[in-house]
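A.B. asks: Dropping the sequence and predicted coords here.
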Amino acid sequence: MTLQHRIAAAALALGLGVAGPALAEPGVSADKIVFGQSAALDGPASALGQGMRLGLMAAFEEANRNGGVNGRTLELISKDDGYEPETAIANTEALINEDQVFALIGPVGTPTSKAAQPVATGADVPFVGPFTGAGFLRDPALKNVVNLRGTYDAETEAWIEHLTKDLGYSKIAILYQDDSFGRAGLSGVQKAMEARGLSLAAEGTYQRNTTAVKTALLDIRKADPQAVVIVGAYKPAAEFIKLARKVKLDATFVNISFVGSLALAKELGADGEGVVVTQVVPFPWDTTIPAVAAYQEALKAYDPAAEAEFVSLEGYLVGRLAIAALEQAGAEPTRRSFLDAIYSAGSFDLGGVTLTYGPGDNQGMDRVFLTVIQPDGSFKAVETLGGSS
């Protein structure tokens, strides 16, 4: 059976499945509310799933220390899908049918979300805060989907805007993961280039969950690009950049937020200096933002050894959104009242970070931020590329 058939069959089966207990909403008991997560917790994309889980748990434990939500503590069941769509389907089915979770939260990746979202939608289960900027999840017809972050189209537009305007570049190449994630990024780059009368100088691809980027590097190197934009996870992106520096490819390297910034910087080491990463959440070290200060405190309380970074901050903000929605959903929350709370509230101020929703708008934030890796592996927030700001 093909993946598409598996998705359709699972969604249909769940949609027609036997109803849960008549007196209680799935995942809600007298003393707790249970959420479920399918994400990469092992393998070459594991830092992404682990980061989202860390942030979610920091938010949930922060709420639990303060008495939970309406007297109920929050629990998270996380299952490893290894960033593989088939496993994401199996995990999603198990979380809904066996674990009876209230909602799915913090899934990681475009190909895995593309597989899992129809299963969740078929069962009318909330699908909250996916770690992907894929456009299909912004379809207003998906009433159970709630996005936090901006789109990949917004990120790729920012790439091309800054590369062409700030640096005057016109020869831009792309490395992308050869699946729905990578192609979403490719599409965004192509649209941004075409809007400026430009076309890509070269393209290179690699397979998901591998670091096999040498062929792509050879293809891209022939074009001698001024910049290489990268739509991938941290291990293959780092491998490409390190190899490119070895063969003296003198280009500006720009990565998408999904890459996993801290993990990328650690993988790159000394080769990371000057590498650009776009972000869709605020700077995790800017404690002048109340939500960031709260995140740092919650993170330290949950895991004193954990480092602040962009992925776990996103997970924390997703957790805070879920908590805020539960608080507005009433003393006896249902999946429907939870979703209604998000779409009827209009906006949620999490402390200097505002999420806005409404009819036909299931995405809370739109901003894209520029960051550059420094010689010591830290990140600097900048307004333009090539300047001192």
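C.D. replies: Nice, I can see it.
A.B. asks: ok, now which ones touch the spatially closest residue to residue 323 that is not a sequence neighbour?
C.D. replies: Distance criterion CB to CB, 6 or more residues apart in numbering; nearest residue to residue 323, sequence neighbours excluded, is residue 63 at 5.1 Å. Bear in mind the C-beta positions are built from the backbone N, C-alpha and C, glycine included. Listed by CB atoms under 8 Å, 6 or more residues apart in numbering, the contact partners of residue 63 are 69, 73-74, 323.
A.B. asks: Which one (most neighbours) among those?
C.D. replies: Among the contacts of residue 63, residue 74 has the most neighbours (other CB atoms under 10 Å), with 24 neighbours.
A.B. asks: Next one: that one from residue 296, what distance?
C.D. replies: Using CB to CB, to the nearest Å, one gets 20 Å for the distance from residue 74 to residue 296.
A.B. asks: distance of the closest residue to residue 207 other than its chain neighbours from residue 222?
C.D. replies: Leaving out its chain neighbours, the residue that sits closest to residue 207 by CB to CB, 6+ apart is residue 178, at 5.8 Å. In this view, residue 178 and residue 222 are 19 Å apart by CB to CB.
A.B. asks: Of those two, which one has the most company?
C.D. replies: Using other CB under 10 Å, the more surrounded residue of residue 178 and residue 222 is residue 178, with 16 against 11.
A.B. asks: Helix, strand, or coil at residue 159?
C.D. replies: Here residue 159 is recorded as helix under DSSP: H, G, I helix; E, B strand; the rest coil.
A.B. asks: Next: residue 100.
C.D. replies: Per three-state DSSP, residue 100 ends up coil.
A.B. asks: Could you do residue 73 as well?
C.D. replies: When classified by three-state DSSP, residue 73 comes out as strand.
A.B. asks: Backbone dihedrals for the spatially most central residue of the chain, please?
C.D. replies: In the chain, the centroid-proximal residue (CA atoms, centre = their mean) is residue 131; its distance is 1.9 Å. Backbone torsions of residue 131, given as degrees, to the nearest 10, read phi -90, psi 70.
A.B. asks: ok, now which ones touch it?
C.D. replies: 39, 48, 52, 106-109, 149, 258, 311, 314-315.
A.B. asks: what's the spacing between it and residue 29?
C.D. replies: Distance from residue 131 to residue 29, counting by CB to CB: 28 Å.
A.B. asks: thinking again about what came up before, bridged to the residue nearest to the centre of the chain, which residues?
C.D. replies: According to DSSP bridges, the partner residues bridging residue 131 are residue 108.
A.B. asks: and the gap between it and residue 226?
C.D. replies: Separation of residue 131 from residue 226 (CB to CB) stands at 30 Å.
A.B. asks: swap in residue 376?
C.D. replies: Taken as CB to CB, the span from residue 376 to residue 226 is 26 Å.
A.B. asks: Identify the residue spatially nearest to residue 75, adjacent ones excluded.
C.D. replies: Nearest non-adjacent residue to residue 75, counting by CB to CB, 6+ apart: residue 34, 4.7 Å away.
A.B. asks: That neighbour and residue 97, how far apart?
C.D. replies: Going from residue 34 to residue 97 by CB to CB gives 13 Å.
A.B. asks: more crowded one of the two?
C.D. replies: Taking neighbours as other CB under 10 Å, residue 34 and residue 97 compare with residue 34 leading, 20 against 17.
A.B. asks: residue ranges for the helices of the stretch 151-300 of the chain, please.
C.D. replies: 152-165, 180-194, 214-221, 234-246, 261-268, 290-302 (DSSP state H, counting those that start in this stretch).
A.B. asks: on that earlier part again, residue 376 and residue 226: who's more crowded?
C.D. replies: residue 226 (17 against 9).
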